[in-house]
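> this one's sequence-less:
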């Protein structure tokens, strides 16, 4: 990993030299166009079909939400104007606020909300649980809808307000009626920006224009809640695979904002007095390794435990972040510092690499040198680094690892495959999450163990599912903490995934950009160029 980091640093240094050259075009003079270097190529447009953050961020441009979480973790009305809850907590009545319309000119109706909620409950982890207690959901006139429950579900509003994957984006009924496991490709929302289909160039750019008919809420913006005021007329998302080119584009003013520069280039960017380098999310991000539970040899729990025995978080974080002030070991399946985090069962991960234990577990698993396919998204610095570290560790363990390189857009689509290895299947892929997506059992999709309805990897574990259900219905914080600890112990036994540490992700933008918010998602509204 040292060579990789050095090579990356040398690339960044070369980029710094490029910035001394005159800019090819005076992009900074255009105050009405925001040029944003996105984390990856946008391959999937449907924000309900995938948890990929590039698609989530796209969703926030085009669509709007019924409720939204603010910076205090409290759900606030967004498209909803008012709502009432019955005394027995079984009936919820919602009325939409005035002025809501889709980009095709049609009004937003209760029927659109109902169809969107139904599609979301089929894909989202919390939504799937809500569906089990849902008695009825129906439109109530043109601007309202009603949800009736079989039993109280305290997290209903929190679910409708999720800030990250999967956020509940409202689509027209005709689009929301699409099979939840098929992608919606027509991008008609009611959000502050419109998707420009004619200028969409996969592998190059995505373009949005201001929705002049959008009526923002009056409250100030706070995370995804409040007034979504588009302060630029046009947003261009640029896909630039080469890190050196991205550094040069930002330093030269040919781009205004780089979503997620890797740690190696933070000092280079910070050295430019016209660039701000700052944490993108106050909670932090976490890395992880995900296993395919349907395909050998990762479908064997002993095999997964063996990988866990040699996975050392310090190795991953040192290789990716470097400076210890920007990362920490977090041997918990819940975001460290959050109420549900604990050290329950963490001895399985918190110690040093144990190759003797791992080899014993591999023998118990009956491993005979079968191929292990490890997917590597080379255009995602965190994921690429994680892949190189785990490849090194598993190779030292004597596994027959095949590191398959691809871009993130390809990995996002391929990870949906349940086929065997010889038909395009996979065993392991690294990824990362914002801290809000691993706060607790209600949002951590990697802890869902409901078989083929679970998140990519599809673990099956009735005990883990039962504990999660108990957690969702628990009445006190102490009860929830005990159940979360039990879930964590179980997760370190069955290994649905391996956390690789928690770190601070930086974002970088030109100093003439105002209104950039620190949030789990990258939001284009409230941002202006002065």
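Sure, I can see it. Note that the structure is a prediction, hence the values are computed from the model and not measured.
> mind listing what's buried in stretch 405-417?
Using 16 or more other Cβ atoms under 10 Å as the test for burial, stretch 405-417 gives 406, 407, 408, 409, 410, 411, 412, 414, 415. (C-beta placed from N, C-alpha, C; glycine too.)
> Just to check, the third one is in contact with residue 40?
Yes. Applying Cβ atoms under 8 Å as the test, residue 408 and residue 40 come out as touching, 4.0 Å apart.
> Between those two, which contacts overlap?
Common neighbours of residue 408 and residue 40, counting by Cβ atoms under 8 Å, 6 or more residues apart in numbering, are 54, 377, 379, 380.
> Would you mind stating the distance between the second one and residue 530?
Pointing back at residue 377 there. When distance is defined by Cβ to Cβ, to the nearest Å, residue 377 is 35 Å away from residue 530.
> try residue 488
Distance from residue 488 to residue 530, counting by Cβ to Cβ: 47 Å.
> cool, residue 481 as well?
46 Å.
> Of the two, give the one with the bigger neighbour count.
residue 481 (18 against 9; other Cβ atoms under 10 Å).
> For the helix or strand containing that one, buried residues please.
Per DSSP states H and E, residue 481 falls inside helix 477-494. Using 16+ other Cβ under 10 Å as the test for burial, helix 477-494 gives 480-494.
> One more: stretch 292-305?
By neighbour count, with 16+ other Cβ under 10 Å as the criterion, the buried positions of stretch 292-305 are 292-305.
> gap between the two ends of it?
Stretch 292-305 has an end-to-end distance of 13 Å (Cα to Cα, to the nearest Å).
> who's in contact with that stretch?
291, 348, 361-362, 364-367, 370, 372, 418, 420-421, 425-428, 452, 457-460, 493-496.
> Retrieve the pLDDT associated with residue 6.
Per-residue pLDDT puts residue 6 at 36.
> With secondary structure, pLDDT and distance to residue 65 as added columns, please give the buried residues of stretch 292-305 in TSV.
Shown next, in TSV, are the buried residues of stretch 292-305 (DSSP: H, G, I helix; E, B strand; the rest coil; pLDDT from 0 to 100; distance: Cβ to Cβ, whole Å):
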residue	secondary structure	pLDDT	distance to residue 65
292	coil	98	32
293	coil	98	32
294	coil	98	33
295	coil	97	36
296	coil	98	41
297	coil	98	41
298	coil	98	36
299	coil	98	37
300	coil	98	41
301	helix	98	38
302	helix	98	43
303	helix	98	40
304	helix	98	36
305	helix	97	40
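> Mind putting those into CSV with distance to residue 245?
Listed next are the buried residues of stretch 292-305 as CSV, based on distance: Cβ to Cβ, whole Å:
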residue, distance to residue 245
292, 34
293, 39
294, 39
295, 37
296, 41
297, 40
298, 36
299, 41
300, 43
301, 44
302, 45
303, 40
304, 39
305, 42
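> tell me what the helix holding residue 481 is packed against?
Helix 477-494 is packed against helix 301-310, helix 347-350, helix 462-473, with contacts defined by 3 or more Cβ pairs under 8 Å, 6 or more residues apart in numbering; DSSP states H and E.
> do that again at 10 Å, thanks
Packing contacts for helix 477-494, counted by 3 or more Cβ pairs under 10 Å, 6 or more residues apart in numbering; DSSP states H and E, involve helix 301-310, helix 347-350, helix 462-473, strand 497-503.
> Quick one: list the elements packing against the shortest one.
The elements that helix 347-350 packs onto, with contact taken as 3+ Cβ pairs under 10 Å, 6+ apart, are helix 301-310, helix 477-494, strand 497-503.
> now the last one, how far from the chain's geometric center?
Between the centre of strand 497-503 and the centre of its host chain there is 14 Å, according to Cα atoms, centre = their mean, to the nearest Å.
> next one: stretch 272-288
On the basis of Cα atoms, centre = their mean, stretch 272-288 sits 15 Å off its chain's mean C-alpha point.
> One more: stretch 511-528?
Relative to the centre of its chain, stretch 511-528 is centred 18 Å away, using Cα atoms, centre = their mean.
> Next, the buried residues of that stretch.
For stretch 511-528, by 16+ other Cβ under 10 Å, it's 513, 516-517, 519-528.
> Same check on stretch 116-135?
Of all the residues in stretch 116-135, those buried under the rule 16+ other Cβ under 10 Å are 116-121, 123-130, 134.
> Equivalent analysis for stretch 63-74, please.
Across stretch 63-74, burial judged by 16+ other Cβ under 10 Å covers 63, 64, 65, 66, 67, 68, 69, 70, 71.
> I figured the fourth one hits residue 158, correct?
In other words, residue 66. No. Applying Cβ atoms under 10 Å, one finds residue 66 not in contact with residue 158, separated by 11.9 Å.
> where in the stretch 151-300 of the chain is pLDDT low?
Within the stretch 151-300 of the chain, not a single segment meets pLDDT under 70.
> Give me the subset of the buried residues of stretch 116-135 lying in helices.
Among the buried residues of stretch 116-135, the ones falling in helices (DSSP state H) are 116-121, 123, 125-130.
> Looking at pLDDT only, which of these scores worst?
residue 125 (88).
> among the buried residues of stretch 511-528, which two are most distant?
Farthest apart among the buried residues of stretch 511-528 by Cβ to Cβ are 520 and 528. That separation is 21.6 Å.
> Now, the contacts of stretch 292-305 that are in helices?
In this view, the contacts of stretch 292-305 that belong to helices under DSSP H are 348, 361, 362, 364, 365, 493, 494.
> out of these, which are buried?
Of the members of the ones in helices among the contacts of stretch 292-305, the ones counted as buried by neighbours, 16+ other Cβ under 10 Å, are 348, 361, 362, 365, 493, 494.
> Mind picking the one among those that's closest to residue 80?
When those are compared against residue 80 (criterion: Cβ to Cβ), the nearest one is residue 494, at 38.7 Å.
> Pull the contacting residues for that closest one.
The contact partners of residue 494, taken as Cβ atoms under 10 Å, 6 or more residues apart in numbering, are 293, 301, 304, 305, 449, 459, 460, 461, 463, 464.
> Lovely, talk soon.
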